[in-house]
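Asker: Provided below are the primary sequence and the corresponding predicted coordinates.
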Amino acid sequence: MISLAVAASLSLTAPELPPLPPIKREAQVVYVDRSGALLGVRGGRYGPPVDIAKLPAYVPGAFVAIEDRRFYDHTGFDPIGIARAIVVNAEQGRAAQGASTITQQLARNLFLSADQTMERKAKEVLYAVQLERTYSKKQILGLYLSRVYFGGGAYGIEQASRRYFGKPAARLTLREAATLAGVPKSPTNYNPVEQPQNAAKRADLVLAAMVETGVITQAQRKQAMAQPLKLAGVASSSAAGYFLDWIDAQRRSLVGAPKQDVIVETTLDSAMESAAVSTARAVVARHQAQNVTQAALVALDGQGRVRAMVGGVDYASAPYNRAVTARRQAGSAWKPFVYLAALEAGRTPDMTVVDEPVVIGAWSPQNYNGGYAGTLTLEQAVAQSTNTVAVRLADEVGRANVAATARRLGIVSPVNTDPAMALGTSLVSPLEMAQAYAAFGNGGERAQAYGIERIRTVGGQVLYQRKASPAQAVIANPALSDLNRMLRGVVASGTGTRAAIAGYDLAGKTGTTSDYKDAWFAGYTGGFTAVVWMGNDNGAPMKRVTGGAAPAELWRGFMASALKRAPAQPIPAGPPPLVLPPPEPAETIDTLLEAAPENLPPAEIVDEPPI
């Protein structure tokens, strides 16, 4: 500390100091959710210097009060603060108090490492003095507030304000400003989301310092602490990492590498995303004994906006996106495409069929329980996920027609047309399954999944604006209403009863592949669809995990939370009967990446019994 004081003293008398290194900052891509709350930042870590004049006076006042009370008086370092720290540290026999000014902290952030060496500290003082000679106090404070770390992946007050409070820094309240000012001392211990009690105590300490420095009155302090702190629904950069990876690739194709900071406005709902992540982790943990290690979830509204995306249970350790990139066998979650093709060909839910042995070539499908139920209605066959009926229907209406139906709704992966295709042997992703199922719950219209609404510069120039596509009907009545009736039965009394939520009009389908390698639940209500997959990356079998068990449990847990944020709507009946356009060739959406190398070749599919 004495050597540091000497270096500081020399800096005052030196007529010339070494020139400052250049201040570098890469352009940022800032991603925000549908309400404007920060999701994450790609590209440069730091935002542009903060314009202090655009902030309420108490915002910079909070940081000066708690970090550097003599900021406006010193020349880069604070001899009084250094002396005070020497005395306190000597009395306590440890480094209990620091003496770095805001300018010194900025110098360290801009030009130096965090190494605790006297050489580094001496350079820090020299650079701090040079910063004070080069920039105004407002400029220094603006640079500092753009680079200080606030935890949760947020650098700078603008990112922190959006992450924790869902608003720009210019709209921070007094208590919010005090809360943020308290975080840099220990971003882990004073994070307002993860450590709310510690953050509140620290905020009160900041407010007390603001009273002592004359920034606010004691009455304002009491009023601020009496107001509840309203935190934004925070999807941490780790939780939303799968979604950000997905749309970041799209952003690059839309606007290229940014030459200036841009803001990407997305469709994600942070509260839904947080619920999806926490529920997926909890359900996987509960079923670890059954060799369940991974899960994926995609939730869309009726227009295809992705509201939640979980590509795995831990982005930090496994960023591979199972919701978008991985393609797995869908099992009986594929059967709605078979039944829709059959309904469009003239079948009805009340039509009787016979569950009996079926032989196509040298292959004969088996039901889950190994037996046969005899005479059933089509509605009962769907609810019980009877394999023989689905295979016979696909053979009767034509497997090519079933494939065309799936593509018409939104399946973009190749669809095989071998006899087992009716049981879901084609490899698909949760994303494309979700956009295909969305048509069942939105009145029969094609839903193209997307995650970017608008891209603009921080100055407001719009670089990209998604344009709404004309509504495209892809399912006609009466087939749509009949299918919805049948899939409601799956949830009400069939293999998907564990997905039921009282008070909501729900429909869906379970899916389980042979040897329990993949388990699915795909379901929807009016204008909202979610698809869940569970399994293992290496294709290892789970222990008797069916789509109506753990996946339905995950689906229900997520939907119970998500539907509190979405208006409760019955599944729409859809338009009057109409003439459908001829099937279109399969599309390729730019969001589907290479198929997962661990995907297994098609195999016979089974499904679970009624629960």
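Answerer: Now that the structure is in, tell me what you want to look at. Numbering: from 1, shown residues only.

Asker: Thr375 and Glu356 touch, don't they?
Answerer: No: here Thr375 does not reach Glu356: they are 9.3 Å apart, not a contact under Cβ atoms under 8 Å. All C-beta atoms are positioned from the backbone trio N, CA, C, and that covers glycine.

Asker: straight-line length of stretch 332-349, end to end?
Answerer: 18 Å (Cα to Cα, to the nearest Å).

Asker: what do you get for stretch 129-149?
Answerer: OK, stretch 129-149 end separation, Cα to Cα: 23 Å.

Asker: can you check stretch 33-45 too?
Answerer: Stretch 33-45 has its terminal residues 19 Å apart, counting by Cα to Cα.

Asker: pLDDT (mean, whole number) over it?
Answerer: On average, the pLDDT along stretch 33-45 is 88.

Asker: off-centre distance for it?
Answerer: Stretch 33-45 sits 11 Å away from the centroid of its parent chain (Cα atoms, centre = their mean, to the nearest Å).

Asker: and if you look at stretch 523-538?
Answerer: Stretch 523-538 sits 15 Å away from the centroid of its parent chain (Cα atoms, centre = their mean).

Asker: ok, now stretch 391-408?
Answerer: The answer for stretch 391-408 is 35 Å, by Cα atoms, centre = their mean.

Asker: list the contacts of that stretch.
Answerer: 334, 337-342, 344-345, 347, 353, 358, 360, 365, 415-423, 426, 436, 446, 474, 580, 583-587 (Cβ atoms under 8 Å, 6 or more residues apart in numbering).

Asker: inside helices: which ones of the residues you listed?
Answerer: Applying DSSP state H to the contacts of stretch 391-408, the entries found in helices are 337-342, 344, 436.

Asker: nearest to Arg466 among these?
Answerer: Ala436 (20.5 Å; Cβ to Cβ).

Asker: run a quick neighbour tally on that closest one.
Answerer: By the criterion of other Cβ atoms under 10 Å, Ala436 has 29 neighbours.

Asker: can you tell me the closest non-neighbouring residue to the spatially most central residue of the chain?
Answerer: The centroid of the chain falls nearest to Ala240 when counting by Cα atoms, centre = their mean (3.0 Å). Distances taken as Cβ to Cβ, 6 or more residues apart in numbering place Leu39 nearest to Ala240, at 4.8 Å, with adjacent residues excluded.

Asker: the one you found belongs to a strand, doesn't it?
Answerer: Yes: note on Leu39: a strand contains this position according to DSSP: H, G, I helix; E, B strand; the rest coil.

Asker: not counting sequence-adjacent ones, nearest residue to Thr103?
Answerer: What sits nearest to Thr103 in space, not counting adjacent residues and going by Cβ to Cβ, 6+ apart, is Ala128, at 4.3 Å.

Asker: now what about the helix or strand containing Gln220, what contacts it?
Answerer: Assessed by DSSP states H and E, Gln220 sits inside helix 218-226. Contacts to helix 218-226, defined as Cβ under 8 Å, 6+ apart, come from residues 173-175, 178, 200, 203-204, 207-208, 210-211, 216.

Asker: repeat that with 10 Å
Answerer: 58, 173-179, 200, 203-204, 206-211, 215-217 (Cβ atoms under 10 Å, 6 or more residues apart in numbering).

Asker: buried only: go through those for me.
Answerer: Neighbour-count burial (16 or more other Cβ atoms under 10 Å) applied to the contacts of helix 218-226 gives 58, 173-179, 200, 203-204, 206-211, 215-216.

Asker: once you drop chain neighbours, what's closest to Asn31?
Answerer: Just so we're on the same page, residue 31 is Tyr rather than Asn. Leu39 (4.3 Å).

Asker: how far away is the one you found from Ala122?
Answerer: 40 Å (Cβ to Cβ, to the nearest Å).

Asker: cool, and Lys138?
Answerer: Taken as Cβ to Cβ, the span from Lys138 to Ala122 is 27 Å.

Asker: among the buried ones among the contacts of helix 218-226, which ones are in strands?
Answerer: Among the buried ones among the contacts of helix 218-226, the subset assigned to strands under DSSP state E is empty.

Asker: and Gln223, how many neighbours does it have?
Answerer: 14.

Asker: quick one: pLDDT of it?
Answerer: 96.

Asker: picking up where we left off before, hmm, Ser270 and the residue nearest to Ala240 touching each other?
Answerer: Yes: contact status for Leu39 versus Ser270: in contact at 7.1 Å, counting by Cβ atoms under 10 Å.

Asker: coming back round to it: chain center to the helix holding Gln220, what's the gap?
Answerer: 36 Å.

Asker: got the buried residues for that helix?
Answerer: Neighbour-count burial for helix 218-226, counted by 16+ other Cβ under 10 Å, picks out 221, 224.

Asker: tell me which helix or strand comes right after it.
Answerer: helix 241-255.

Asker: and Phe243, what does it touch?
Answerer: Phe243 neighbours (Cβ under 10 Å, 6+ apart): 31, 33, 39-40, 235, 266-268, 273, 298, 306, 308-311, 315, 321, 323-324, 451.

Asker: show me the contacts for the closest residue in space to Val458 that isn't next to it in sequence.
Answerer: The spatial neighbour of Val458 that comes closest, neighbours along the chain excluded (Cβ to Cβ, 6+ apart), is Asp261 at 4.6 Å. Counting by Cβ under 10 Å, 6+ apart, Asp261 makes contact with 25-30, 41, 43-44, 47-48, 457-459.

Asker: again with Asn198
Answerer: Per Cβ under 10 Å, 6+ apart, neighbours of Asn198: 182, 186, 188-192.

Asker: any quick ChimeraX command for the buried ones out of the residues you listed?
Answerer: Buried subset of the contacts of Asn198, written as a ChimeraX selection, criterion 16+ other Cβ under 10 Å:
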select :182,190,191,192
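
Asker: CSV for the contacts of Asn198, including pLDDT?
Answerer: Formatted as CSV, the contacts of Asn198 follow (pLDDT from 0 to 100):
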residue, pLDDT
Gly182, 97
Ser186, 95
Thr188, 92
Asn189, 95
Tyr190, 97
Asn191, 94
Pro192, 94
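
Asker: same drill for Lys138 and Ala122, tell me which one is more crowded.
Answerer: Between Lys138 and Ala122, counted using other Cβ under 10 Å, Ala122 has the larger neighbour count: 17 against 14.

Asker: re the thing from before, quick one: the residue nearest to Val458 from Lys138, how far?
Answerer: When Asp261 is compared with Lys138 (using Cβ to Cβ), they lie 20 Å apart.

Asker: got it, and Ser385?
Answerer: Separation of Ser385 from Lys138 (Cβ to Cβ): 68 Å.

Asker: again, but for Ala473
Answerer: Distance of Ala473 to Lys138, given as Cβ to Cβ: 59 Å.

Asker: likewise for Ala114?
Answerer: Distance check for Ala114 against Lys138: by Cβ to Cβ, it reads 26 Å.

Asker: Thr325: helix or strand, and which one exactly?
Answerer: Using DSSP H and E, Thr325 falls outside every helix and strand.

Asker: state the phi and psi torsions of it.
Answerer: Reported as degrees, to the nearest 10, the phi and psi values for Thr325 are phi -90, psi -40.

Asker: how many other residues sit next to it?
Answerer: Residues near Thr325, counting by other Cβ under 10 Å: 20.

Asker: from now on call the first residue 48
Answerer: Noted, 48 is the first residue going forward, which turns the last one into Thr372.

Asker: you'd agree it is up against Met356?
Answerer: No: if you go by Cβ under 10 Å, Thr372 and Met356 don't touch, sitting 11.8 Å apart.

Asker: common neighbours of these two, please.
Answerer: Taking Cβ under 10 Å, 6+ apart as the criterion, Thr372 and Met356 both touch 289, 292-293, 343, 478.

Asker: what is the nearest of the residues you listed to Gln512?
Answerer: Lowest distance from Gln512 to these (Cβ to Cβ) belongs to Trp293, with 19.4 Å.

Asker: excluding chain neighbours, what is closest to that closest one?
Answerer: Nearest non-adjacent residue to Trp293, counting by Cβ to Cβ, 6+ apart: Val371, 5.3 Å away.
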